[in-house]
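>>> Below are the sequence and a predicted model; questions follow.
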Amino acid sequence: MEDMFRFADELGPFKIIHIYEPSVDLRAILVVDNIARGPALGGVRMAPDVSAEECFRLARAMTLKNAAADIPFGGGKLVIYGDPRMPQEKKIQKLRTLASALRYTKEYIFAPDMGTDEFCMACIKDEIGRAVGLPCGAGGIPLDEVGATGWGLAKSTEVALQYCDFELNGARLVIQGFGAVGMHAARFLTSSGAVLVGVADSRGSVYNPDGLDVDALIRLKNEGKSVHDYPEGRKLDRDAVISIPCDIWIPAARPDIINESNVHLLNTKLIIEGANIPITEGAEKLLYEAGILYVPDFIANAGGVICAASEYQGATRHAAFEAIEEKVRNNTAQVLEAAKTKGILPREAAVQLAVERVKQAMEYRRWSIFSSAPDFS
Ligand SMILES: NC(=O)C1=CN([C@@H]2O[C@H](COP(=O)(O)OP(=O)(O)OC[C@H]3O[C@@H](n4cnc5c(N)ncnc54)[C@H](OP(=O)(O)O)[C@@H]3O)[C@@H](O)[C@H]2O)C=CC1
Ligand SMILES: O=C(O)CCC(=O)C(=O)O
């Protein structure tokens, strides 16, 4: 058996649960990392190639993200093995089964991530009453539809530009991944003057130094097509998006996309991490040495979870967007300023900020991570 304690350190993970139900071909893993600040809030990811390790790393990112955003939640993540494009009926059957299997695991709150959406969350809520990121019709703030994370990325970019030698107006923008995060980041940043020159999805990239039409790209995706089908511009391989010359590069797809073997291909000045764990720590060190500024994932991409937490607490969409702006701006400034004055990596500054808050909450516990309070493991 795989040794799951290999992930363990002073913060967690508190629980790792494998869920298996052959009648609906369900295989999933839940990692509840740390719940000292509250129940674990983190998305459900469906992909064919997920793993326990990816789930743990994503859960840890949520512990740090929720603490940095100062919301009363711990961190967790759930991964389901499967192609998210499977027939909807089959997908919902898996999700309902999963929710039912975890109905007593009350220290985890379901939310959307890659491969799941508002509709999926509504089905889980219907099954066990515990999910956020719901559609409007189910009383939620549909965080992907409104672009909560993209909004936060745009605000983080504005602050990071104070540490760069160029302006947003006219800045060349490249985005890898054109889903819920990538398309809204493109929308908000181009509406403030940036020019989208390159974009990729799982099927390919397109590059046009004169600019791409964001609305036309969104229409293509809504029709089930690829950005590769965009008519004007150079069509490139999927991974060629890494080396497109630009001022701002935003990863908004999968983990470890940038690593020690390809970091030298980047041709940019600023990276705003939209995806979770998109750049390995070794590659981030190389970026720092090369003078390329980056804002770490759990600081820049907290918009979605701040929106989810706002919904959970009954706030309006307007209030959620205000909270995202305030928290993401403040954290970006705090992290980049600490990195500059202390001469440390932005990630080190971000981890210091978040871990301090998690450890403070752990001090209030009889044990360190979990609580004995009823209904809260
Ligand atoms: N949704 C949210 O609010 C939040 C999401 N995140 C993180 O952001 C990332 C994206 O999430 P989200 O936008 O919700 O996911 P989606 O599934 O909506 O979109 C993912 C996009 O990435 C593309 N893609 C997948 N693999 C690759 C690849 N190898 N190269 C280029 N593009 C690729 C997909 O292509 P195709 O369209 O062809 O499938 C799709 O356009 C994830 O890491 C997620 O954890 C972080 C915080 C909040
Ligand atoms: O924003 C969401 O969808 C829930 C939180 C999450 O999973 C994330 O921030 O990665």
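Now that the structure is in, tell me what you want to look at. Ligands and ions are numbered 1, 2, ... in the order given.
>>> residue ranges for the strands of the protein, please.
Remark: strands assigned in the chain by DSSP state E are 15-21, 26-34, 40-47, 74-81, 108-112, 172-176, 195-201, 204-207, 234-236, 248-251, 270-272, 293-295.
>>> what about the ones you listed, which gets the closest to ligand 2?
Comparing the strands of the chain by their distance to ligand 2 (C-beta to the nearest ligand atom), the top pick is strand 40-47, with 2.7 Å. In this view, the C-beta of every residue, glycine as well, is placed from N, C-alpha and C.
>>> Redo the strands of the chain as CSV? Include mean neighbour count and mean pLDDT.
Formatted as CSV, the strands of the chain follow (neighbours: other C-beta atoms under 10 Å; pLDDT from 0 to 100):
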stretch, mean neighbour count, mean pLDDT
strand 15-21, 15, 97
strand 26-34, 25, 98
strand 40-47, 25, 97
strand 74-81, 28, 98
strand 108-112, 26, 97
strand 172-176, 27, 98
strand 195-201, 25, 98
strand 204-207, 24, 98
strand 234-236, 15, 97
strand 248-251, 28, 98
strand 270-272, 24, 98
strand 293-295, 24, 98
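>>> Tally up the residues packed near residue 104, please.
9 (other C-beta atoms under 10 Å).
>>> and what of the one 10 residues further on?
Other residues within reach of residue 114, judged by other C-beta under 10 Å, total 22.
>>> residues contacting it?
By C-beta atoms under 8 Å, 6 or more residues apart in numbering, residue 114 lies in contact with 43, 45-47, 84, 179, 254.
>>> re earlier: including distance to ligand 1, could the strands of the chain go into JSON lines?
Formatted as JSON lines, the strands of the chain follow (distance: least, C-beta to the nearest ligand atom, whole Å):
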{"stretch": "strand 15-21", "distance to ligand 1": "19"}
{"stretch": "strand 26-34", "distance to ligand 1": "14"}
{"stretch": "strand 40-47", "distance to ligand 1": "6"}
{"stretch": "strand 74-81", "distance to ligand 1": "9"}
{"stretch": "strand 108-112", "distance to ligand 1": "6"}
{"stretch": "strand 172-176", "distance to ligand 1": "5"}
{"stretch": "strand 195-201", "distance to ligand 1": "3"}
{"stretch": "strand 204-207", "distance to ligand 1": "8"}
{"stretch": "strand 234-236", "distance to ligand 1": "11"}
{"stretch": "strand 248-251", "distance to ligand 1": "8"}
{"stretch": "strand 270-272", "distance to ligand 1": "12"}
{"stretch": "strand 293-295", "distance to ligand 1": "13"}
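>>> want to throw those into CSV with distance to residue 287?
Formatted as CSV, the strands of the chain follow (distance: least, C-beta to C-beta, whole Å):
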stretch, distance to residue 287
strand 15-21, 31
strand 26-34, 26
strand 40-47, 25
strand 74-81, 25
strand 108-112, 29
strand 172-176, 15
strand 195-201, 19
strand 204-207, 21
strand 234-236, 22
strand 248-251, 10
strand 270-272, 7
strand 293-295, 6
